[in-house]
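S.K.: Can you look at this prediction? I've put the sequence above it.
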Amino acid sequence: MQAVGKIMTTVFDVALSPFSNLPPIWGLLAVSILTGIVMVLIFKYTSNQSAIRSTKDRISAYFMEIRLFKDDLGLMLDAQKRILRTNLTYMKYSVVPMLVMIVPVVLILIQLGIRYAARPLKPGESALVELKLAEDVSAETESISVEPDNGLRLETPLLSMAGEVSFRIGAVKEGEHELSILVGDRRISTTIVVSHQVQHVYAAMAQPSFMGMLLYPGQETLPKGFEIEEIRIELPPQTVKILGWNMNWLVVFFLASILSGYSLKGVFKVEV
């Protein structure tokens, strides 16, 4: 699964590279619009289009019946019951396409999450780094130290508290820089990106787990049995602006993908 994550991350890196020097909204919109098109096509080829069409026609006929017989309470109630029953049938036809859509949408969301939930540090900025120690490890009994490369600097001493060690690192110059953590004679390194561009970043590095590989595709993992269970980096949030307004990237994604898909359903001759 880690190999698949690396491949997908590389594919997205290449696909989004033309947008790396532009404001984040442009790359996000491009992926969102393409996702909307993909969702529409998936719906078309995994749903019973003729059944959906006839079901929608029946619902329209029942609404017409309500307008025509608005003075007859019995007929109106009967039409409303049939509308409800037919709506349930319509929803049934949508279940399979929705289930199929979940897989690509989740994978796309994960890739967008490592690009638009947080951003790289910029030169002059700093971030808090937290080391979560294994249950049987104590900072008092272990010799823990850190060695940043020349693109980073250690800004504070290491502080130990409640099974965690924290410190602050500062960004000196752009690039992908290594932060080495030593526990006794064992060493592990994690990469911290310093850049003005939009690119993928990882807010954590942990020991192998399904959720870790899912949420941080392509990220290296800590070795099993290592004294540190997780390295967390408090990266600054990515700013996505539309007409001067800061918006959450998830809101932008869902709005843009749904609107683009719905507006193009006629082009692809899809009954939704």
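M.R.: Happy to help now that I have it.

S.K.: Tally up the residues packed near the residue nearest to residue 59 when sequence neighbours are not counted, please.
M.R.: Nearest residue to residue 59, sequence neighbours excluded (CB to CB, 6 or more residues apart in numbering): residue 86, at 5.2 Å. Using the backbone N, CA and C atoms, a C-beta is placed for each residue, glycine as well. By the measure other CB atoms under 10 Å, the count of residues near residue 86 is 18.

S.K.: and what of residue 47?
M.R.: Using other CB under 10 Å, the number of residues around residue 47 comes to 20.

S.K.: same question, the one 3 residues further on
M.R.: By the criterion of other CB under 10 Å, residue 50 has 9 neighbours.

S.K.: still on that earlier bit, contacting residues around the residue nearest to residue 59?
M.R.: Listed by CB atoms under 8 Å, 6 or more residues apart in numbering, the contact set of residue 86 reads 55, 58-59, 62.

S.K.: Restricted to strands, list those.
M.R.: Among those, DSSP state E puts none in strands.

S.K.: Just give me the closest of those to residue 244.
M.R.: residue 59 (41.3 Å; CB to CB).

S.K.: Show residues contacting stretch 87-104.
M.R.: Residues outside stretch 87-104 that contact it (CB under 8 Å, 6+ apart): 35, 38-39, 42-43, 46-48, 51-52, 55-56, 59.

S.K.: Run the chain-centre distance for stretch 91-107.
M.R.: Offset of stretch 91-107 from its chain centre (CA atoms, centre = their mean, to the nearest Å): 17 Å.

S.K.: related to what we said a few turns ago, need the contacts of residue 86 in a markdown table (columns: pLDDT).
M.R.: What follows is the contacts of residue 86, written out as a markdown table (pLDDT from 0 to 100):
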| residue | pLDDT |
| --- | --- |
| 55 | 88 |
| 58 | 86 |
| 59 | 86 |
| 62 | 82 |
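
S.K.: Include distance to residue 73 and neighbour count when you put those into a markdown table, please.
M.R.: Listed next are these as a markdown table, based on distance: CB to CB, whole Å; neighbours: other CB atoms under 10 Å:
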| residue | distance to residue 73 | neighbour count |
| --- | --- | --- |
| 55 | 26 | 19 |
| 58 | 22 | 16 |
| 59 | 21 | 17 |
| 62 | 15 | 19 |
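
S.K.: and which of those residues is nearest residue 167?
M.R.: residue 55 (60.9 Å).

S.K.: for the stretch 101-250 of the chain, what spans make up the helices?
M.R.: Taking DSSP state H, counting those that start in this stretch, the helices of the stretch 101-250 of the chain run over residues 210-215, 249-263.

S.K.: closest to residue 146 out of these?
M.R.: Judging those by CB to CB, what sits closest to residue 146 is helix 210-215, at 21.6 Å.

S.K.: Of all the residues in that closest one, which ones are buried?
M.R.: Across helix 210-215, burial judged by 16 or more other CB atoms under 10 Å covers 212-213, 215.

S.K.: Over to stretch 197-209?
M.R.: So stretch 197-209, judged by 16+ other CB under 10 Å, has buried residues 198-207.

S.K.: Over to stretch 44-60?
M.R.: Buried residues in stretch 44-60, defined by neighbour count with 16+ other CB under 10 Å: 44, 47, 49, 52, 55, 58-59.

S.K.: mean confidence score for stretch 173-191?
M.R.: If you average the pLDDT over stretch 173-191, you get 92.

S.K.: which residues sit against that stretch?
M.R.: 123, 129, 131, 137, 142-152, 169, 171, 192-196, 202, 205, 220, 222-223, 226-228, 231, 233.

S.K.: Repeat that for stretch 256-272.
M.R.: Contacts for stretch 256-272 (CB under 8 Å, 6+ apart): 28-29, 32-33, 35-37, 39-41, 43-44, 47, 49, 52-53, 56.

S.K.: could you measure the residue nearest to residue 59 against residue 9, distance?
M.R.: Using CB to CB, to the nearest Å, residue 86 is found at 44 Å from residue 9.

S.K.: Let me see the contact set for residue 235.
M.R.: Residues in contact with residue 235, defined by CB under 8 Å, 6+ apart, are 118-121, 127, 201, 203.

S.K.: For these, pick the one with the most neighbours.
M.R.: residue 121 (25 neighbours).

S.K.: Return the residues in contact with that one.
M.R.: The contact partners of residue 121, by CB under 8 Å, 6+ apart, come to 127, 171, 192-195, 235-236.
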